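Structural data only, the sequence is not supplied:
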């Protein structure tokens, strides 16, 4: 089985602070990490690899610094890493990003594509579903469990208040939740080998795309303005004892019919 | 000269730090309180290859460097000094001497199981009457034709209760003094071998430190490690390497106490502001931070020399001496900055201060380190 995992390098948003004057994100000194849902996707792929035997290829689109994240993927157990890096990809919105990823995947042999549900920086959850459309493949999003059958996959999908079990025939795209697939650590041996392996850097010429559909040119949506989300309401501060605090909280929860 | 981490080391640091934070730190207080050997953690470490970092791949290890191994000891000790010393004693005191002095057969027999973490290693030199004066060995090994017969007692043996393989020093020819000492590889199951009383310690309480008892213990002929009569040299060389491990443990404890104190002094308010805002706090912390960084450079430089195959005996002694005294100084101040809370088990600095003390004592006291450094200086 050939599995493709799509992964994105993102700033660790738990460490991001907002500039109090400019109101923009302070990105300086913020570490970059593998997007958590994508890491969950890689974990699922590696479990398939252990269970059924598979070749796992990680594909990412991003600047050259994303190399480090792909080394991490190799150290976790991925077999091959491809970085789509080209100025022509820059400024892509979700449609141009998914188009480029699909253009890359078209040139590869695969039986299954796994991606994270959404990235913690953009939070759109659109790229993988759009990619499935570009490739004309069935898709299941919000996946919390998956197993292989003779002809496809049986997949559990988490909805807001229920879990659906779906059967997919043939090739498909799955988007997974990090919480369902606790990612393994890189192994020491994997780390040592990660820099002996190659991270293939592919330009737009290497993939199956029309150039005008890439990057900023191919993006119908443009970011107009970014600003920190205003807090909905200021909290209330009560200087009370622990017992009174419990009573107060219980009363409020009852008031709102939560309990 | 390059002081930065290599890309491989950076990736390794990312992994080991996250492992320490998520898998080791949550258990540290319990490991201490219940004197509990962190068995489950060691199994997880084994699975990731952490138990065999500097062992070459051909012997089942990860094929990494001493630098990576000591980074692991530091990061583990930063959150749990017990876990740090389990790895240090296993790697420096058991696998390293087999790797450096063992025959090909011994390496093939023991290293794969040790490096995979299936077996845990330990080292036995200290005796009731042979502490700093390690040449006064009273454990004897007598040639009985097809085997060696060992008799005697070792004390204060780190990892003893859980170890499967021990590197043991014994006197094979008393008339030759320290040139009459030889090293042996002893398996837990050998006839006549047993693990004795467990010490109740001030710190690193999860690491079971015990006696080793040899009563006509039968050791196969081929388990002599290194040449006959070269045991003292094997032991001293092993301890040179071990000191880099303990120096890293001390460094990790010091760093952990720094982390806790920075966090606490920023949160704790007295006289209307956080105590981190007082210049007394800032100046003392600046001095401690400087000492921690100096210790880190000494430790890394000693490890680098060992990786490069350069002489490192005095470097390891300086690293251990300075890092251990730094750990003691930092943890003592850390408790002071925490005030009454620091003296309680509610905060980890209390444990860290207890854990720090042993780094000035084992694998050569600070006095021994000064002897080693001076010997090099005045040779």
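Good, I have the coordinates. Quantities reported herein were computed from a predicted structural model and do not represent experimental measurements. Numbers count the residues shown, from 1 in each chain, chains lettered A, B, ... in the order given.

Next one, pLDDT for the nearest residue to residue B:44 once chain neighbours are set aside please.
With CB to CB, 6 or more residues apart in numbering or on different chains as the criterion, residue B:44 has its nearest non-adjacent residue at 5.8 Å, and that residue is residue B:23. (Each C-beta comes from the backbone N, C-alpha and C, glycine too.) Predicted confidence (pLDDT) at residue B:23: the value is 98.

Same question for residue A:256.
pLDDT for residue A:256: 82.

burial of the residue in the stretch 51-200 of chain A that chain B sits nearest to, as a residue count?
The stretch 51-200 of chain A approaches chain B most closely through residue A:188 (3.5 Å), counting by CB to the nearest CB. Per other CB atoms under 10 Å in any protein chain shown, the neighbour tally for residue A:188 reads 27.

next one: residue B:369
Neighbour number of residue B:369 under other CB under 10 Å is 24.

thought residue B:120 was touching residue B:160?
No: Residue B:120 lies out of contact with residue B:160 (CB atoms under 8 Å); the separation is 9.8 Å.

which residues of the stretch 151-259 of chain A score low on pLDDT?
Residue ranges of the stretch 151-259 of chain A with pLDDT under 70: A:226-231.

Show me the strands in it, by range?
Ranges of strands within the stretch 151-259 of chain A are A:152-158, A:163-169, A:173-176, A:199-202, based on DSSP state E, counting those that start in this stretch.

Which one, of the ones you listed, ends up nearest to residue B:76?
Among the strands of the stretch 151-259 of chain A, strand A:199-202 comes nearest to residue B:76, with 29.6 Å by CB to CB.

Go through the closest one and flag the buried ones.
A:199, A:201-202 (16 or more other CB atoms under 10 Å in any protein chain shown).

Show me which residues of the stretch 101-250 of chain A are close to chain B?
By CB under 8 Å from any CB of the partner chain, the part of the stretch 101-250 of chain A that sits against chain B consists of A:185-189, A:191-192, A:194-195.

Quick one: those residues as a markdown table, columns for distance to residue B:218 too.
Listed next are those as a markdown table, based on distance: CB to CB, whole Å:
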| residue | distance to residue B:218 |
| --- | --- |
| A:185 | 41 |
| A:186 | 43 |
| A:187 | 38 |
| A:188 | 36 |
| A:189 | 37 |
| A:191 | 42 |
| A:192 | 39 |
| A:194 | 46 |
| A:195 | 47 |
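
as a whole number, average confidence for the top strand by length along chain A?
Under DSSP state E, the strand in chain A containing the largest number of residues is strand A:139-148. The average pLDDT within strand A:139-148 is 96.

Which strands border that strand, and is each parallel or antiparallel?
Here strand A:139-148 has these sheet partners by DSSP bridges: strand A:152-158 (antiparallel), strand A:173-176 (parallel).

And those: which comes nearest residue B:84?
Of these, the one closest to residue B:84 (CB to CB) turns out to be strand A:173-176, at 35.3 Å.

So what touches that closest one?
A:37, A:40-41, A:44, A:112-118, A:125, A:128-129, A:131-132, A:135, A:137-144, A:146, A:153, A:155 (CB atoms under 8 Å, 6 or more residues apart in numbering or on different chains).

And stretch A:197-213, by the same measure?
By CB under 8 Å, 6+ apart, stretch A:197-213 touches A:64, A:67, A:70-71, A:74, A:80-86, A:88-89, A:96, A:99-100, A:103-104, A:106-107, A:214, A:217-218.

Now for residue B:149: which residues touch it?
Going by CB under 8 Å, 6+ apart, residue B:149 touches B:141-142, B:192, B:216-219.

Of those residues, which is the nearest to chain A?
residue B:219 (32.0 Å).

Number of residues surrounding that closest one?
Neighbour tally, residue B:219, other CB under 10 Å: 24.

secondary structure class for the closest residue to it other than its chain neighbours?
Setting aside the residues directly before and after it, residue B:219 is nearest to residue B:148 in space (CB to CB, 6+ apart), at 4.4 Å. With DSSP: H, G, I helix; E, B strand; the rest coil as the basis, residue B:148 sits in strand.

same question, the one 5 residues further on
Of the three states, residue B:153 takes strand under three-state DSSP.

which residues pair with it across the strands?
With DSSP bridges as the criterion, residue B:153 is bridged to residue B:213.

wait, isn't it in contact with residue B:127?
Yes: using CB under 8 Å, residue B:153 makes contact with residue B:127 at a distance of 6.4 Å.

nearest residue to whichever residue of the stretch 101-250 of chain B sits closest to chain A other than its sequence neighbours?
Per CB to the nearest CB, residue B:115 is where the stretch 101-250 of chain B lies closest to chain A, at 10.3 Å. Spatial nearest neighbour of residue B:115, chain neighbours left out: residue B:52 (2.7 Å); criterion: CB to CB, 6+ apart.

can I assume that neighbour is in contact with residue B:116?
Yes: under the criterion of CB under 8 Å, residue B:52 makes contact with residue B:116 at 6.3 Å.

what touches both of these two?
With CB under 8 Å, 6+ apart, residue B:52 and residue B:116 have common neighbours residue B:60.

Neighbour count: these two, which is higher?
Taking other CB under 10 Å, residue B:52 and residue B:116 do not tie; residue B:52 has more neighbours (29 against 17).

quick one, helices of the stretch 101-250 of chain B?
Here the stretch 101-250 of chain B has its helices, by DSSP state H, counting those that start in this stretch, at B:104-115, B:231-267.

mind giving me JSON lines with those and columns for distance to residue A:256 and mean neighbour count?
As requested, the helices of the stretch 101-250 of chain B are arranged in JSON lines below (distance: least, CB to CB, whole Å; neighbours: other CB atoms under 10 Å in any protein chain shown):
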{"stretch": "helix B:104-115", "distance to residue A:256": "58", "mean neighbour count": "19"}
{"stretch": "helix B:231-267", "distance to residue A:256": "31", "mean neighbour count": "25"}
